[in-house]
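Student: Provide a 3D model corresponding to the input given below.
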Amino acid sequence: MILLKSPRELEHMRAAGRILAEVKVLLREIVKAGVSTKEIDDKVEAFILSKGATSAFKGYRGYPATVCTSINEEVVHGIPSPKRKLKEGDIIGPVQTDFGWHVIKVIGVKPAKTQSFEEVRAQIEQDLKRQQAMRNFVDAASQFENLVYEQAESLQPVAKALNLKVQTTDWLTRAQLQPLGQNNSKFVQAVFSPDSLQAKRNTDAIEVAPNTMMAARVIDYKPAAPRAFDEVKADIRRQLEHNAASELAQKAGREKLALLQQGKDAGLVFGKPVTLSRNQAQPGFQTDALARIFQGDPAKLPEYVGMPAPDGGFAIYKIVQVIAAPAPDAARLSAFSARVGEQLGRELFAANLASLKAKAEVKINQAALEKDSRSGEGPAPAAPMPPARRR
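Tutor: Sure, this is the predicted structure:
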């Protein structure tokens, strides 16, 4: 038997996921040489309680603490103790950052240098503005995701709530939709999914690029059908000419790239340098291009990388400088961890629902659903749900 979570239970799960993400950020701040594992446990427990939650770990099969502090070669369970203090060289983890999971090793303690307020004022103002902007975006993104999902029969409610404009297009094929969704294959798949085409429901909110979210709703759909040759012969001719030109352009581009990588002159003039970031979209740079650029070898500057361009040509990029990334922003890490937790919860729920549909011969009576929606009635639950407990 598989139990489906109620909307109230799902919301509690999302809230617990947000708290867990904030706990991970807290751990990165308090894990340092000289700190006892009991101090770590006390601070984490106090933080969880301050959020109105309780630890699911503490008390489970008699476990006496909130966290498990396994040090060095220990696997489980590292019970926190006031006598166990972290030393230089100790390893405790893993801890998650923007770039994956990491094991932390304490290599030393450096005393903090006290700076005057005037010395740090500009940096404080910049950090506060960035943190506020990130909080605003995360709040708006969370509201966007929830409204798109909860009021799936229209995009107007989310547009009204967030002061957005719903844009309507003419008929689109998969290929035509690709650039509209910033070449995000997941967005295209969502638009052409059965739930979108047949039930006419909103797609999930999908992050098509860093800090850019999109959702769509199909108003009408026509299956692909053969067309008369006279109708498409001009399009076929243009496509063949475009393909031939693309092949020649890409061949020439690869030859010039090879010359540049050999240190020879390829007769090219590059544009003005621009600064790129992994986590920030830049006009004129596709996601695949950014990935290729950041795969370049910083020890071989200038480095040249190239790839086919979306218009059929061949793009060559010259890397002239690599700037070390600043330390991760704690508020930003926490916000993104919370968003990842919410999105993962939605995807797991969707996968579970799809699995149930595949195993059971269930047919959705769309007419009955629309009738219930108009009358304000809904299906009665088969059994009362137990009260949910947020952890």
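Student: which stretches of the stretch 1-150 of the chain have low pLDDT?
Tutor: Scanning the stretch 1-150 of the chain for pLDDT under 70 picks out the ranges 1-4, 73-77, 91-112.
Student: repeat that with 80
Tutor: Within the stretch 1-150 of the chain, the segments meeting pLDDT under 80 span 1-12, 24-25, 27-28, 52, 56-63, 68-79, 88-115, 130-131, 134-135, 138.
Student: What is the burial count for residue 11?
Tutor: Counted by other Cβ atoms under 10 Å, the residues lying close to residue 11 total 16. In this view, the C-beta of every residue, glycine as well, is placed from N, C-alpha and C.
Student: okay, which residue is most central for this protein?
Tutor: residue 340 (5.7 Å; Cα atoms, centre = their mean).
Student: Contacts only, for that one.
Tutor: Going by Cβ atoms under 8 Å, 6 or more residues apart in numbering, residue 340 touches residue 21.
Student: Next, the buried residues of the helix or strand hosting it.
Tutor: In the assignment (DSSP states H and E), residue 340 maps to helix 330-359. Neighbour counts using 16 or more other Cβ atoms under 10 Å place 330-339, 341-343, 345-346 of helix 330-359 among the buried residues.
Student: now stretch 32-42
Tutor: 35, 36, 37, 38, 40, 41, 42.
Student: Ok, stretch 308-323 next?
Tutor: 308, 309, 314, 315, 316, 317, 318, 319.
Student: Output stretch 24-31 as CSV, nothing but the C-alphas.
Tutor: Extracted in CSV, the C-alpha atoms of stretch 24-31 (Å, rounded to 0.1, in the frame of the first residue of the first chain):
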residue,chain,number,x,y,z
LYS,A,24,23.8,22.9,6.9
VAL,A,25,24.8,26.5,6.5
LEU,A,26,25.1,26.9,10.2
LEU,A,27,27.4,23.8,10.4
ARG,A,28,29.8,25.4,8.0
GLU,A,29,30.1,28.4,10.4
ILE,A,30,30.5,26.6,13.7
VAL,A,31,32.8,23.6,12.7
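Student: Now do the buried residues in that stretch.
Tutor: 24, 25, 26, 27, 28, 31.
Student: these two touch, right, the first one and residue 336?
Tutor: No - here residue 24 lies out of contact with residue 336, judged by Cβ atoms under 8 Å, at a distance of 11.3 Å.
Student: now the strands for the chain?
Tutor: When secondary structure is read from DSSP state E, the chain shows strands at 91-97, 100-105, 206-209, 212-214, 303-308, 314-319.
Student: so what secondary structure elements neighbour the shortest one?
Tutor: Okay, so that is strand 212-214. Packed against strand 212-214, as judged by 3 or more Cβ pairs under 8 Å, 6 or more residues apart in numbering; DSSP states H and E, are the following elements: helix 117-150, strand 206-209.
Student: Which strands or helices does the first one pack on?
Tutor: Secondary structure elements in contact with helix 117-150, counted by 3+ Cβ pairs under 8 Å, 6+ apart, are helix 156-162, strand 212-214, helix 330-359.
Student: Quick check: buried residues in that helix?
Tutor: Applying 16+ other Cβ under 10 Å to helix 117-150 flags 131, 134, 138, 141, 142, 144, 145, 146, 147, 148, 149 as buried.
Student: how near is residue 146 to residue 161?
Tutor: The gap separating residue 146 from residue 161 is 10 Å, by Cβ to Cβ, to the nearest Å.
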